[in-house]
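Student: Make a model of this:
(one chain, ligands or ions: 1)
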Amino acid sequence: MTKPPPIRKAVLPVAGMGTRFLPATKAVPKEMLPVVDKPVVQYAVEEAREAGIEQFIFVTGRGKHIIEDHFDHAYELEALLKEREKTKELDSLLESLPKSGSVSFTRQQKPLGLGHAVWCARHFIGNEPFAVLLPDDLCVGKPGALKQMVQAYNDVGGGAVIAAEERPLSEIHRYGVIAPGKIDGNVIEVKGMVEKPKAEKAPSLLRIVGRYILPAEVFRELDRKEKGAGGEIQLTDSMQRLIGIHQFHAVKANCSWYDCGDKVGFLQANIAVGLSRPDIAPALKKVLSGAKF
Ligand code: UTP
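Tutor: This is a model prediction of the structure:
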């Protein structure tokens, strides 16, 4: 089997309006809400970096400029931390900075849907396979989901690879759902997919999670700008048309997923990440065990 081309670039669509999180998201992008002490979007960048990504393309919109500031030097703050000998804090700030020239930003201009947001990154991607990470879907586990997916991509010899997670039937109408074929460990052949199906029409209980490895041909499909579920240009519809042309797999990544675009999911993420952190887990456990809710 020939080695597939490497996955070097990742698109992070962050142009959504975050209406489920109002009023918090009126002036602050939802991707900048912190899970414990890090903005949601930083977890996605760290996961991508761990998977070997070298170029990060953010698809932003109005009011999202603080995401740019977050991934840049903050000279005054850095000088102040140095002066006060807060070495640990300074090191952690500098460590989280992507290399100069490795981050690009483009604007979606109108929130026409996830498919449209990904299409906006087409000139940055060119003609190579790439990853997409939706920061809302937070993966807690090591290695991160994208690294596990890149491994599967190399093992199967390329094509499209998406992340999947099993959810109860009562929730399935909220998600993109896959029709599975052959299963090999945690790698599942994808025979079809449908966006937000009614429970009785769902082809499985496997929802698509916000991590994708896609061939550049997906842009040809997105070029059609066809509207799908909810009147939005859906990524799922364009991916669906690649099945049969490219091999298509889903990976049930070995990690826990939290939907940070949802209030309860966001609170769960804070607790799960807090409990995974040796510096705060003991105190948090105490609070949770004696909690009077
Ligand atoms: P969501 O479906 O969560 O939509 O988007 P949203 O607008 O961000 O949030 P709500 O539903 O109003 O609360 C899933 C992902 O797709 C991106 C979002 O930023 C998020 O990462 N997205 C969505 C775009 O970049 N552009 C769009 O037009 C829609």
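Student: Give me the average confidence score over the strand or helix carrying Val118.
Tutor: Val118 is part of helix 114-119 when elements are defined by DSSP states H and E. Averaged across helix 114-119, the pLDDT comes to 96.
Student: Give me every residue in contact with that helix, excluding its own residues.
Tutor: 11, 13, 15-16, 59, 108, 110-111, 132, 134, 218-219, 222-223, 225, 228, 232-238 (Cβ atoms under 8 Å, 6 or more residues apart in numbering). Bear in mind the C-beta positions are built from the backbone N, C-alpha and C, glycine included.
Student: Find the nearest non-adjacent residue to the closest residue to the ligand within the chain, please.
Tutor: Residue nearest to the ligand within the chain: Gly16 (1.9 Å; Cβ to the nearest ligand atom). Distances taken as Cβ to Cβ, 6 or more residues apart in numbering place Pro111 nearest to Gly16, at 6.2 Å, with adjacent residues excluded.
Student: Just list the residues touching that neighbour, thanks.
Tutor: Ala15, Gly16, Met17, Gly61, Ala117.
Student: Surely the second one is within a strand?
Tutor: Translated: Gly16. No: Gly16 is assigned coil when assessed by DSSP: H, G, I helix; E, B strand; the rest coil, not a strand.
Student: I'd say it and Thr25 touch.
Tutor: No: counting by Cβ atoms under 8 Å, Gly16 sits too far from Thr25 to count as a contact (9.2 Å).
Student: Same drill for the two, tell me which one is more crowded.
Tutor: Set side by side, Gly16 and Thr25 show more neighbours around Gly16, with 23 against 19, by other Cβ atoms under 10 Å.
Student: wait, what's in contact with the more buried one?
Tutor: Lys30, Gly61, Pro111, Ala117, Gly261.
Student: where does the third one fall, helix, sheet strand or coil?
Tutor: In the three-state summary, Pro111 is assigned as coil, counting by three-state DSSP.
Student: give me phi/psi at it?
Tutor: Pro111 adopts backbone torsions of phi -80, psi 80, taken as degrees, to the nearest 10.
Student: Now do it against Glu232, distance only.
Tutor: According to Cβ to Cβ, to the nearest Å, Pro111 stands 8 Å off from Glu232.
Student: One more: the first one?
Tutor: Lys30 sits 17 Å away from Glu232, going by Cβ to Cβ.
Student: more neighbours, these two?
Tutor: Between Lys30 and Glu232, Lys30 has the larger neighbour count (other Cβ under 10 Å), namely 24 against 17.
Student: and the stretch 151-293 of the chain, which residues reach the ligand?
Tutor: Gly261 (Cβ under 6 Å from any ligand atom).
Student: just the strands in the stretch 151-293 of the chain please.
Tutor: 160-166, 176-184, 187-195, 206-214, 248-251, 256-259 (DSSP state E, counting those that start in this stretch).
Student: Check which helices and strands the third one sits against.
Tutor: Read that as strand 187-195. Applying 3 or more Cβ pairs under 8 Å, 6 or more residues apart in numbering; DSSP states H and E, we find strand 187-195 packed against helix 145-156, strand 160-166, strand 176-184, helix 235-240, strand 248-251.
Student: now, of the ones you listed, which is deepest in the fold?
Tutor: strand 248-251 (a mean of 26; mean count of other Cβ atoms under 10 Å).
Student: Tell me how far that one lies from the chain's centre.
Tutor: 16 Å (Cα atoms, centre = their mean, to the nearest Å).
Student: how about low-confidence regions in the stretch 51-200 of the chain?
Tutor: Nowhere does the stretch 51-200 of the chain drop to pLDDT under 70.
Student: Go through the helices and strands packed on strand 187-195 and name the closest to Gly265.
Tutor: strand 160-166 (12.2 Å; Cβ to Cβ).
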